[in-house]
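Asks: compute the structure for the input listed below.
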Amino acid sequence: MQPTIEPMHEGDVEMVARLRLAAFFEGTGRTLKEDTAGLRRLLAGDGFETSLIARTGGIPVGTCLLVRHELEPAHDLTPWLAGLAVAPEHQRRGIGGALVRAIEAHAASAGVSELYLYTWEARDFYAALAWNAVETFEQDGGTMLLMSRRLSR
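Replies: Residues are numbered from 1 along each chain as shown. Got it, this is the predicted structure:
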């Protein structure tokens with residue numbers, strides 16, 4: 001079943017936050033309350049920053065963000081594709097790639113010519129989607145990769 005991709009709504013916030021906590025913040029001390037507050041700020045913003053949701057059968061199964069600034073960025077660049085997460089039972093079905101393409105399209109429609117992201121584990125995934133490695137660096141004791149993608153408007 002092909003997922004539908006649409007902007008996050010208030011009713012999605014808690015489920016998306018739970019997905020994000022499991023994917024990125026397990027063992028970090030970040031709380032559900034903190035993540036839902038951040039997602040709500042995104043919803044209340046100007047529409048440039050966004051959280052897109054992939055749904056299968058009406059249920060949110062993945063998310064991806066477009067944000068102006070990354071948390072504690074090592075580079076003074078903007079904007080960023082961030083927070084790509086797909087529920088484990090829905091991975092390897094093209095949902096992640098569809099979310100990335102939807103964020104790219106949203107950014108391009110807003111006039112963005114180049115997007116950035118940080119990753120290490122998913123570098124091959126993004127390279128397969130035509131993202132380019134820019135720089136490897138150390139952050140918080142781990143190796144990270146800055147990647148970029150030129151967008152056509």
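Asks: wait, what's in contact with the closest residue to Thr63 other than its chain neighbours?
Replies: Distance criterion Cβ to Cβ, 6 or more residues apart in numbering; nearest residue to Thr63, sequence neighbours excluded, is Val16 at 5.0 Å. In short, each C-beta sits where N, CA and C put it, glycine included. By Cβ atoms under 8 Å, 6 or more residues apart in numbering, Val16 lies in contact with Met8, Leu39, Ser51, Ile53, Pro60, Thr63.
Asks: could you say which helix or strand holds Val16?
Replies: Val16 belongs to helix 13-20 when assigned by DSSP states H and E.
Asks: now the element after that helix, going C-ward?
Replies: Next along from helix 13-20, by DSSP H and E: helix 32-43.
Asks: for the next helix or strand after that next one, packing partners?
Replies: Counting by DSSP H and E, the next helix or strand C-terminal to helix 32-43 is strand 50-56. On a contact count with 3 or more Cβ pairs under 8 Å, 6 or more residues apart in numbering; DSSP states H and E, strand 50-56 meets strand 4-7, helix 32-43, strand 59-67, helix 95-109.
Asks: could you check the angle strand 50-56 makes with helix 32-43?
Replies: Here strand 50-56 runs at an angle of 110 degrees relative to helix 32-43 (axes from the mean of the first three to the mean of the last three Cα atoms, to 10 degrees).
Asks: now strand 50-56 - C-alpha only, PDB.
Replies: Extracted in PDB, the C-alpha atoms of strand 50-56 (Å, rounded to 0.1, in the frame of the first residue of the first chain):
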ATOM      1  CA  THR A  50       7.100  21.800   8.500                       C
ATOM      2  CA  SER A  51       6.700  18.300   9.700                       C
ATOM      3  CA  LEU A  52       5.300  15.900   7.000                       C
ATOM      4  CA  ILE A  53       3.700  12.700   7.900                       C
ATOM      5  CA  ALA A  54       3.500   9.400   5.900                       C
ATOM      6  CA  ARG A  55       0.300   7.500   6.600                       C
ATOM      7  CA  THR A  56      -0.600   4.000   5.700                       C
END
